[in-house]
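J.: Coordinates for the following, if possible.
(chains A and B)
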Amino acid sequence: MVSLPSRPSAVPALDVQPASIRACGSTLLAASAQIDDVGTFVAGDARIADWTTSQGSTAYHRGIRPIGRRADAMSLALRGVAQRVDRHADEMAALVVEHDDLDDRRLHLAQQVAFLETRAGGALTPEALVALEDDCVRVGGYVAVFESDLRRWSSAVAAEEQAMNDAFGRVLHLDAVDRIYGGVADPADAALDAKPPAGASPEEVNAWWDGLTRAEQQAIIAAAPGAIGNLDGIPAGVRDQANTVALERDLADWENVEQLGLITDEERTWLENARAAHDARQEIEDRVDPITGLPIETQLYLYDPAAFDGDGAIGISAGDLDTADNVAVLTPGFGTDAESAPYQADRAATMYESTRFLDPDASNATLFWIGYDAPDNAPWDEGWDGAGVISEQMATAGGERLADAIDGLRASRDGEPAHLTAIGHSYGSTTTGHAAHDHGLPVDDLVFVGSPGVGGDTDHASDTGVDPEHVWAGANSRDPVTYLANHGWFNLETFAGAGLGDDPAEDDFGGNRFEAESTTRGPGPDFGQHSLYFDHDTESLYNISQIVNGDYDDVLTAGHNYDPWYAGVQDPELDREPTTQATR
Amino acid sequence: MDVVPASVGRASRGWDEQHLDVQAAAGQIAQATTSGFTAAVAGPAARFVRAWERHVDALGLGCEGQADGLRTTIRDYVESDEAVGADYLALLPYLTEVR
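T.: Predicted coordinates for the structure are as follows:
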């Protein structure tokens, strides 16, 4: 008589949605930041320094103290729960993975046991019987290990649920909040006191951040997201967490006053920018990595809805800037402000898809960076804005900010440095040119596309400070914006000191030109061609992606523009038949 | 009656802003979704959210109470005989709640 192993127990269903739990934690954290602001207000602006002598003043100052103390305690309590909820999401996500693994094992073992049962039911030779008994012992051992793992997993689920419920219950009532957190110092306060002053280098900022305890770091993210969300030298993942708290808080604030009919014009502008940031992130997260099939990870790297007199500043990456092998920073140009973030997010996601498609073994991140005050108008839509577009003033100021941003990206990464590419499109190429020429950019490659000129002081690729072998230009022959750049020895610059600088696709400039024609081009100039450089299956996106990936041998190079003394600008790409290049 | 400076008016506006911000936070908490938790946790999570919406709402009302209290102080002073000239004019805008 053979002793058959028992059938493995069923794995209980685990009905849980870690992403939804994480969202809950994120909402609670943002609310805790808001409550923390009350405490800060009571300790600061609520005190009326020049109203001290009357009874009313004494009563007022005495009366606000408990409110501040209560707000501080509530903020700490809610933050603690929010962070526990976030950890719960992580724990449950891991338990879901374990659940699926156990389910697979159970299915496999059930098949093995069923097979043994079938064998035991048939006629057996003595040798077959011995073999069957051996198999039963072996499979029985596997089942026992499975049952043990299942019990351990079930216990872990129950323990995690209990721990989460305890965290909720511990501060359910305000008397408990006061008892546990009343008068407790916020770990963020001392940590922020040691923060390097404004103007500190990204390396100094990074060293300060790395020197904090995890509790201090988490406290700052929750209590003072504005202090680190846009601070160069802070890791991208941390900036994302802080800016997410700030974004959620801002949306709640301004949507509340909008609903009450109390919103100011200024707040309405900021709210539109905040909504644009939200939509831009969603644009990327709704798309999937072409290799893994998982949603593309995003990082809200820059968020300041009130920057530049309400134009706003937003930078969001598709991919993880802290760990990606290849990082691209995309600086847009004409007509860019915070409200164009969803449009730029589409470009960043498209480039992410393309770079991943062309080199599945490398990890990538593409950051769109609306971090400078760009000319507001797209000239072909709204006419020329002489103050903004045809001067380099905004590019000069933007270049300084871009250089700081890229220094920050470099300083904030641990381990292997990324292969980093700065890409400037349109007026963004003028800005990128200024960043490189005026401040030096620690990048591996520099790419100018649809450029109206890369700055008046950059006459040659080597003036950028980047090896000319790694300076690239994409210029669609039908893109009129590229015609604005100075060509040859006699041009706007030599004539009147005007223009936005030299054409990086010209032979004299000394960089590489890559193919960037579109199959949709017509016979003549067309402003629509200026917006196609980042579209899928174009020569341009294919080549930019190869550069970003460092696969230089795969770049399809093009003949340079040239400007002989006896004729106008000659573009060898004018008559070449455009091709389709697969990028997805 | 002691002089009530214009900074009292500014503080009342500050409390109004805090009230609105905290009210927004209460709304955020109310909207926090608890449907992603397992059945064993969803109940306590929902209870927590409901309780904290009330706690935060009460904090907001406390802020509003401070704003109203300061406005009353301003009104009493402005309506008294002692408020004259520049003090009086500086405080007038703060008599009404803007938002």
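
J.: Compute the number of surrounding residues for the residue of the stretch 51-200 of chain A found nearest chain B.
T.: Distances between the stretch 51-200 of chain A and chain B by CB to the nearest CB are smallest at residue A:54, namely 3.6 Å. Every residue, glycine included, has its C-beta placed from N, CA and C. Using other CB atoms under 10 Å in any protein chain shown, residue A:54 has 15 neighbouring residues.

J.: Excluding chain neighbours, give the residue nearest to it in space.
T.: Of all residues not flanking residue A:54 in the chain, residue B:2 sits nearest, at 3.6 Å (CB to CB, 6 or more residues apart in numbering or on different chains).

J.: Contact partners for that neighbour?
T.: By CB atoms under 8 Å, 6 or more residues apart in numbering or on different chains, the contact list for residue B:2 reads A:53, A:54, A:56, A:57.

J.: Repeat that for residue B:88.
T.: residue B:78.

J.: What residues sit buried inside the helix or strand hosting it?
T.: Per DSSP states H and E, residue B:88 falls inside helix B:85-91. Residues B:87, B:90, B:91 are the ones in helix B:85-91 that count as buried (16 or more other CB atoms under 10 Å in any protein chain shown).

J.: what about the longest helix in chain A?
T.: Ranked by residue count and defined by DSSP state H, the top helix of chain A is helix A:55-121.

J.: Pop out the phi and psi values for the residue lying closest to residue A:81 once chain neighbours are set aside.
T.: Leaving aside its chain neighbours, residue A:81 sits nearest to residue A:167 (5.6 Å; criterion: CB to CB, 6+ apart). Main-chain dihedrals, residue A:167, degrees, to the nearest 10: phi -60, psi -40.

J.: Assess the claim that residue A:167 and residue A:84 are in contact.
T.: Yes - counting by CB atoms under 8 Å, residue A:167 touches residue A:84, with 4.2 Å between them.

J.: List the contacts of residue A:98.
T.: By CB under 8 Å, 6+ apart, the contact set of residue A:98 is A:153, A:156.

J.: Just the pLDDT for it.
T.: On the pLDDT scale, residue A:98 is placed at 98.

J.: most residues in a single helix of chain B, which one?
T.: Ranked by residue count and defined by DSSP H, the top helix of chain B is helix B:39-79.

J.: What's the local residue count around the residue in chain B positioned nearest to chain A?
T.: Here the residue of chain B nearest chain A is residue B:36; by CB to the nearest CB that distance is 2.6 Å. The number of residues packed near residue B:36 is 22, by other CB under 10 Å.

J.: State the mean pLDDT of the host helix or strand of residue A:131.
T.: Residue A:131 belongs to helix A:126-170 when assigned by DSSP H and E. Per-residue pLDDT over helix A:126-170 has a mean of 97.

J.: Tell me the buried residues in the very next helix or strand once past it?
T.: Using DSSP H and E, the next helix or strand after helix A:126-170 towards the C-terminus is helix A:174-181. Buried residues in helix A:174-181, counted by 16+ other CB under 10 Å: A:174, A:177, A:178, A:181.

J.: Thought residue A:70 was touching the third one, still the case?
T.: Yes - between residue A:178 and residue A:70 there is a contact at 7.0 Å, judged by CB under 8 Å.

J.: In JSON lines, list the contacts of residue B:2 along with distance to residue A:251 and pLDDT.
T.: JSON lines is the format used below for the contacts of residue B:2 (distance: CB to CB, whole Å; pLDDT from 0 to 100):
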{"residue": "A:53", "distance to residue A:251": "43", "pLDDT": "75"}
{"residue": "A:54", "distance to residue A:251": "41", "pLDDT": "80"}
{"residue": "A:56", "distance to residue A:251": "38", "pLDDT": "86"}
{"residue": "A:57", "distance to residue A:251": "37", "pLDDT": "90"}
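
J.: quick one: which two of those are the most distant?
T.: Pairwise distances across those peak at 9.6 Å for A:53 and A:56 (criterion: CB to CB).

J.: what about those two, which has more around it?
T.: When neighbours are counted by other CB under 10 Å, residue A:53 and residue A:56 differ, and residue A:56 comes out ahead with 19 against 10.

J.: ok, the more buried one to residue A:412 distance?
T.: 50 Å (CB to CB, to the nearest Å).

J.: Give me the below-cutoff pLDDT ranges for the stretch 351-500 of chain A.
T.: Counting by pLDDT under 70, the stretch 351-500 of chain A has low-confidence residues at A:377-390, A:488-499.

J.: Could I get the full set of helices for it?
T.: Ranges of helices in the stretch 351-500 of chain A, per DSSP state H, counting those that start in this stretch, are A:379-382, A:393-412, A:427-434, A:480-483, A:492-496.

J.: Which strands or helices does the third one pack on?
T.: For helix A:427-434, the helices and strands in contact under the criterion 3 or more CB pairs under 8 Å, 6 or more residues apart in numbering or on different chains; DSSP states H and E are strand A:326-331, helix A:393-412, strand A:419-425, strand A:445-449.

J.: CA-only coordinates of the least confident helix or strand in chain B by mean pLDDT in CSV, if you can.
T.: Ranked by mean pLDDT, DSSP states H and E, the helix or strand of chain B with the weakest confidence is helix B:85-91, at a mean of 76. The C-alpha trace of helix B:85-91 is given here as CSV (Å, rounded to 0.1, in the frame of the first residue of the first chain):
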residue,chain,number,x,y,z
GLY,B,85,-7.0,109.1,12.0
ALA,B,86,-4.5,106.7,10.5
ASP,B,87,-5.3,103.8,12.9
TYR,B,88,-8.9,104.0,12.0
LEU,B,89,-8.4,104.0,8.3
ALA,B,90,-5.8,101.2,8.4
LEU,B,91,-8.2,98.9,10.2
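
J.: tell me which parts of the stretch 351-500 of chain A are close to chain B?
T.: By CB under 8 Å from any CB of the partner chain, no part of the stretch 351-500 of chain A sits against chain B.

J.: Quick check: buried residues in stretch A:360-377?
T.: In stretch A:360-377, counting by 16+ other CB under 10 Å, buried: A:362-376.

J.: nearest to chain B, of those residues?
T.: residue A:370 (25.8 Å).

J.: what's the helix or strand for the spatially most central residue of chain A?
T.: Centroid-nearest residue in chain A, with CA atoms, centre = their mean: residue A:299, separated by 2.2 Å. Element membership for residue A:299, per DSSP H and E: strand A:298-304.

J.: strand partners of that strand, parallel vs antiparallel please.
T.: Under the criterion DSSP bridges, strand A:298-304 sits next to strand A:313-318 (antiparallel) in its sheet.

J.: okay, the angle between the strand it pairs with and strand A:326-331?
T.: An angle of 150 degrees separates the directions of strand A:313-318 and strand A:326-331 when computed by axes from the mean of the first three to the mean of the last three CA atoms, to 10 degrees.

J.: what's the spacing between the residue nearest to residue A:54 and residue B:80?
T.: Separation of residue B:2 from residue B:80 (CB to CB): 10 Å.

J.: now chain B, which segments are flagged as low pLDDT?
T.: Where chain B drops to pLDDT under 70, the residues are B:1, B:83-84, B:86.
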